[in-house]
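> Okay, here's the prediction I keep looking at, along with the sequence it came from:
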Amino acid sequence: MYDTLIIGAGMSGLAAGIRLAYYDQRVCILERHTTIGGLNSFYRLRGRDYDVGLHAITNITPKGTKSGPLARLLRQLRFRLEDFAIAPQLGSEIAFPSVRLKFDNTERTIRDEVAWAFPHEANNFDRLTREVVGYDDLNETHANQSAREVVCSILHDPLLVEMLFCPLMFYGSAREHDMDWAQFSIMFRSIFLEGLGRPAAGVRLILKHLVRKFRSLGGELKLRAGVKHIAVENGRVAGVVLENDEVLEARNVISSAGWCETMRLCDDGQPVVNSRAAGQLSFCETIATLDCPPADLGHDRTITFFNDHDQFVWQKAEEMCDVRSGVICSPNNFAYEAPIDDNSIRITALANFDRWRALDEPAYRLEKLRWYDRITESAVRFVPDYRGHVIDTDMFTPTTIVRYSGHDNGAIYGAPEKQLDGRTHLENLFICGTDQGFVGIIGSITSGIAMANMHCLKPN
C-alpha cells in the first residue's frame, strides 16, 4: 500500500512526488513511456541532442528574490537556483507588420517600448500592469472572466491589445480567441514582469535534478507502467490497474494525465463531463540546425512572436498548419556563461490534429516536408533568412504530442476549463498539471507542489 500514487512522470508529477517524499510518504510515480518528462523531454537524433517542448522557462527572477513562483518552488523542493544554471534571455520581441515591441527580464523594457510605440496608451498600460500584479492567483472569484473584456476596458488601441495577447496565448492559452483573466495575469507576470531563461544543458538538466531528488528521498519511479484503468469503489479509488494487470493500492492518487484522460481511466462509468471538452489547440514545430550561431546571421533575439496582420487569430488551424503567426526561438540567444554548441532555430505554429491524424505514413512524411518549408518561409519574413545555413532538420506534429503526452487532440495546454482546486468526483483522486491550471515548466512544477500540499499532506 502506497501513501500516494502519481500518474505521469512529467514536471508536475515529479514535483508532487518530491514534495510528498519529503514528508516520508511512500510514493510511486507511474510512467507509460520509457523515459520521463512527457512533452518536456529530450531525445538524440543523428548524433545531436534535441529538447522537446522547452523554448524557455518563464518566471525567471534574480538570485535572492524571495517572492514569485520560482522562489517558492525552490523553497518547497529544497533546490538552489544554481542547481538549474538558468541563463536569462538576451531579449525577445513581438513582431507585427507595423510595430515591434521588445522585452527582456526587466519590467521597464516593455513599459518603455509601449510608451514609445503607443504613447497614448502609456498610462493605461501602467494601470493594466497594476491590475495584473494585484490579481490573487488563489482567488477564483474572477478567474474565468474574459481577459479580452478586462484588457479592452483598460487599453483602447486594438493593435496593442493584439500584440500583448500574442505571446501570452502562444505560451499559455487553452481557450480559442480568448484567455481566462487568471491565466492572462499569470502569463503577463511570467513573461513581461519576470522573464525568460534557459539552462545551457536544456530540459535534461531540470529532469535529472528532479528524478535524482525524488529517488534520493526513497520515491519509486516505474517506467513502462501505463495505467489500464482506475478501480473505483464507493466513491473512492480502490486501486490502479496497470497495463500488465498488476494492481497497486494507495490512500491517494494524483493524475497529471489530464482531466478527460483521467476520467476515461475511471471504471465507475462516470462520463467525461461534456462541459469540460478537450482542448483543440495544437502545434507543429520545426527545428533547424545551422552551420553557425544565429547571431552570426544577424538574428540576436531570444524569441520572436510574430503575426503577419494587425489582428491576431488564436484558434484551431483550418489547414494542416496556420502560418500567419508563430514563435521563433533560438536556444543560443541566452546569456550563458560560455557559448553552447546548439546553433538551432525552432519555429512553432498552430496546427490541426484531425488533419494530421487522418494521414497514412507515406502521406504524413510528405506533409511534414511540405509544411516544414511553409512554416520556415513564413518565419523568415521576420528574422534573417537562415535557410542557406541549415545542416539538419527535424519536426514534430500534433500526433507526436499525443504519442508523448497523451493529451486529446494534441492539445498542448489541455482543456479550456481548468480545475483549479484539483478535485474530481472521487474523494481521493486529484488532478495536477496542465488541466489543474498552471502551464509551462515553472507552472507545471508549481501545480504538482500545490496539489500535493493541498490534498495529500493534510492530517487524517
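The structure has been received and is ready for your questions.
> State whether residue 148 and residue 180 are indeed in contact, as I suppose.
No: if you go by CB atoms under 8 Å, residue 148 and residue 180 don't touch, sitting 10.5 Å apart. C-betas here are computed from N, CA, C, even on glycine.
> So for these two, which residue has more residues nearby?
residue 180 (22 against 15; other CB atoms under 10 Å).
> What number of residues are in the vicinity of residue 389?
When neighbours are counted by other CB under 10 Å, residue 389 registers 18.
> Contacts only, for it.
By CB atoms under 8 Å, 6 or more residues apart in numbering, the contact list for residue 389 reads 290-292, 297.
> residue contacts, the nearest residue to it once chain neighbours are set aside?
Nearest residue to residue 389, sequence neighbours excluded (CB to CB, 6 or more residues apart in numbering): residue 290, at 4.5 Å. Neighbour list for residue 290: 297, 343-345, 386, 389-391 [criterion: CB under 8 Å, 6+ apart].
> So which of these sit within strands?
Judged by DSSP state E, strands contain the following of the contacts of residue 290: 344-345, 390-391.
> Now tabulate those residues in a markdown table and tack on neighbour count, pLDDT and distance to residue 113.
Below are the ones in strands among the contacts of residue 290 laid out as a markdown table (neighbours: other CB atoms under 10 Å; pLDDT from 0 to 100; distance: CB to CB, whole Å):
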| residue | neighbour count | pLDDT | distance to residue 113 |
| --- | --- | --- | --- |
| 344 | 22 | 93 | 27 |
| 345 | 28 | 95 | 23 |
| 390 | 14 | 97 | 31 |
| 391 | 11 | 95 | 35 |
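> which pair in the residues you listed spans the largest distance?
Based on CB to CB, the longest span within these runs between 345 and 391 and measures 12.0 Å.
> So which residues of the protein form helices?
11-21, 69-77, 81-84, 107-117, 122-134, 147-152, 158-170, 181-188, 203-216, 259-265, 353-357, 361-379, 398-405, 440-451 (DSSP state H).
> can I get these in CSV with distance to residue 323 and mean pLDDT?
What follows is the helices of the chain, written out as CSV (distance: least, CB to CB, whole Å; pLDDT from 0 to 100):
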stretch, distance to residue 323, mean pLDDT
helix 11-21, 29, 96
helix 69-77, 33, 91
helix 81-84, 34, 90
helix 107-117, 25, 97
helix 122-134, 30, 95
helix 147-152, 24, 96
helix 158-170, 14, 97
helix 181-188, 23, 91
helix 203-216, 26, 92
helix 259-265, 29, 92
helix 353-357, 14, 97
helix 361-379, 4, 97
helix 398-405, 15, 87
helix 440-451, 24, 91
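> and the ones you listed, which is most packed in?
With neighbours taken as mean count of other CB atoms under 10 Å, the helices of the chain reach their highest mean count in helix 11-21, at a mean of 29.
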